[in-house]
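> predicted model and sequence below, questions to follow.
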Amino acid sequence: DIQMTQSPSSLSASVGDRVTITCRASQSIASYLNWYQQKPGKAPKVMIYAASSLQSGVPSRFSGSGSGTDFTLTISSLKPEDFATYFCEQSDSTPHTFGQGTKLEIK
Amino acid sequence: EVQLVESGGGLIQPGGSLRLSCAASGFIVSTNFMSWVRQAPGKGLEWVSVIYSGGSTYYADSVKGRFTISRDNSKNSLYLQMNSLRLEDTAFYFCARAYSYHSPLEDWGQGALVTVSS
């Protein structure tokens, strides 16, 4: 199985900050990397798919990059509603595996 | 509007069985890739099982031989039969839809809590 390693596991930031979360795959997954946002008590919501494509309805302050084994999710200017937990997921091969998550907290 | 609604969760003793259901609306289950993903309270996401549009099924090693994924086209629903439940199966179970093999999980249910405890 492909292992996904996210960093950091938690992050404190302020409204307006630019933040970056990274995800590393244990082997190449081309661009089959998705990012999800999850708020407490809610199901995850896809934000970025295929490494860099913005899901419909997601604000443009979210962006993704990378290919192969190294990927990043960037939020250019944090808004209060962005504080949540973010997960990466590889959809290159079954089983589709998730990173352990990054909890983004308000500083 | 796409909607996924899970049901069937609850408290069960170790070794017991439970069947989760996921009723879909707004799309056809049999033409999509339908997955179960679970999340232990306060923990990360764990992929559990998938059924492809062609009918092939796959399972995480942690549930292989104990869980069975299926669908009922006439009811447009997805199921997860869980047998020989263990304490570590305690989690919220989400059903989710992807359009194709490499697609993200675009639509999710609200989750059903399964608690395995004596």
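On my side now, so go ahead.
> now the spatially most central residue of chain B, what's its secondary structure?
Central residue of chain B (CA atoms, centre = their mean): B:Trp36, 3.0 Å from the mean position. Taking DSSP: H, G, I helix; E, B strand; the rest coil as the rule, one finds B:Trp36 in the strand state.
> bridged to it, which residues?
Here B:Trp36 sits in beta bridges with B:Ser49, B:Cys95, going by DSSP bridges.
> surely it touches B:Tyr93?
Yes: assessed by CB atoms under 8 Å, B:Trp36 is found in contact with B:Tyr93 at 5.9 Å. No exception for glycine: its C-beta is placed from N, CA and C like everyone else's.
> now do the shared contacts for these two.
Contact criterion CB atoms under 8 Å, 6 or more residues apart in numbering or on different chains; residues bridging B:Trp36 and B:Tyr93 by contacting each: B:20, B:48, B:80.
> which one of those sits closest to chain A?
Nearest to chain A out of the shared contacts of B:Trp36 and B:Tyr93 is B:Val48 (CB to the nearest CB; 8.9 Å).
> and the closest one, how far from B:Arg86?
According to CB to CB, to the nearest Å, B:Val48 stands 13 Å off from B:Arg86.
> among the two, which residue is more densely surrounded?
B:Val48 (24 against 13; other CB atoms under 10 Å in any protein chain shown).
> got the contact list for the nearest residue to that one once chain neighbours are set aside?
With CB to CB, 6 or more residues apart in numbering or on different chains as the criterion, B:Val48 has its nearest non-adjacent residue at 4.2 Å, and that residue is B:Trp36. By CB under 8 Å, 6+ apart, the contact set of B:Trp36 is B:20, B:47-50, B:67, B:69, B:78, B:80, B:93-96.
> for the residues you listed, give me TSV that also has pLDDT and distance to A:Met4.
As requested, these are exported to TSV (pLDDT from 0 to 100; distance: CB to CB, whole Å):
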residue	pLDDT	distance to A:Met4
B:Leu20	98	25
B:Trp47	96	11
B:Val48	97	16
B:Ser49	97	18
B:Val50	97	17
B:Phe67	98	22
B:Ile69	98	22
B:Leu78	98	25
B:Leu80	98	23
B:Tyr93	98	21
B:Phe94	98	18
B:Cys95	98	22
B:Ala96	98	17
